[in-house]
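> this one's structure only:
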């Protein structure tokens with residue numbers, strides 16, 4: 001089992017920045033693809049970004065390309081999401097997740113955190 005705990009959410013004005021963290025613990029973090037997803041009120045959970053174990057393969061949703069950066073520190077069992085130039089439409093609960101395979105399909109992710117709220121005011 002892998003336990004995931006997100007932190008770093010909050011309230012920020014449009015144009016601002018936030019950095020989310022996701023700390024993993026449990027059996028092993030080794031080899032897992034880590035992803036970030038978000039869910040806005042009344043909407044389905046949506047893919048944001050994913051990073052492979054070696055950080056050599058990274059994917060972003062088109063809506064966040066050029067603004068968000070995913071990274072990981074395997075020594076610390078932590079994955080990050082740096083969010084810049086935030087927009088009101090980025091408001092959502094952000095979840096990190098772990099998967100054995102790379103991709104944007106949430107059904108392929110086996111472990112999920114509890115989520116952290118990000119609110120961007122206009």
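That came through, no problem. Everything quoted here is computed from the prediction, not taken from an experiment.
> Skip the chain neighbours and tell me the closest residue to the most centrally placed residue in the chain.
Nearest to the geometric centre of the chain sits residue 36, at 2.4 Å (CA atoms, centre = their mean). Setting aside the residues directly before and after it, residue 36 is nearest to residue 48 in space (CB to CB, 6 or more residues apart in numbering), at 4.2 Å. C-beta: built from backbone N, CA, C; applies to glycine.
> Beyond the host helix or strand of the one you found, next helix or strand please.
Assigned by DSSP states H and E, residue 48 falls within strand 46-51. Counting by DSSP H and E, the next helix or strand C-terminal to strand 46-51 is strand 58-60.
> the inter-axis angle of the following helix or strand past that next one versus strand 46-51?
Per DSSP H and E, the first helix or strand lying C-terminal to strand 58-60 is strand 68-73. With axes from the mean of the first three to the mean of the last three CA atoms, to 10 degrees applied, the angle from strand 68-73 to strand 46-51 works out at 40 degrees.
> how near is residue 68 to residue 97?
Distance check for residue 68 against residue 97: by CB to CB, to the nearest Å, it reads 16 Å.
> Same check on residue 78?
14 Å.
> Surely residue 81 is in contact with residue 94?
Yes. Contact criterion CB atoms under 8 Å: residue 81 and residue 94 qualify, at 7.0 Å.
> Find residues that contact each of these two.
Common neighbours of residue 81 and residue 94 (criterion: CB atoms under 8 Å, 6 or more residues apart in numbering): 20, 36, 48.
> Include pLDDT when you put those residues into a markdown table, please.
Formatted as a markdown table, these follow (pLDDT from 0 to 100):
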| residue | pLDDT |
| --- | --- |
| 20 | 98 |
| 36 | 98 |
| 48 | 98 |
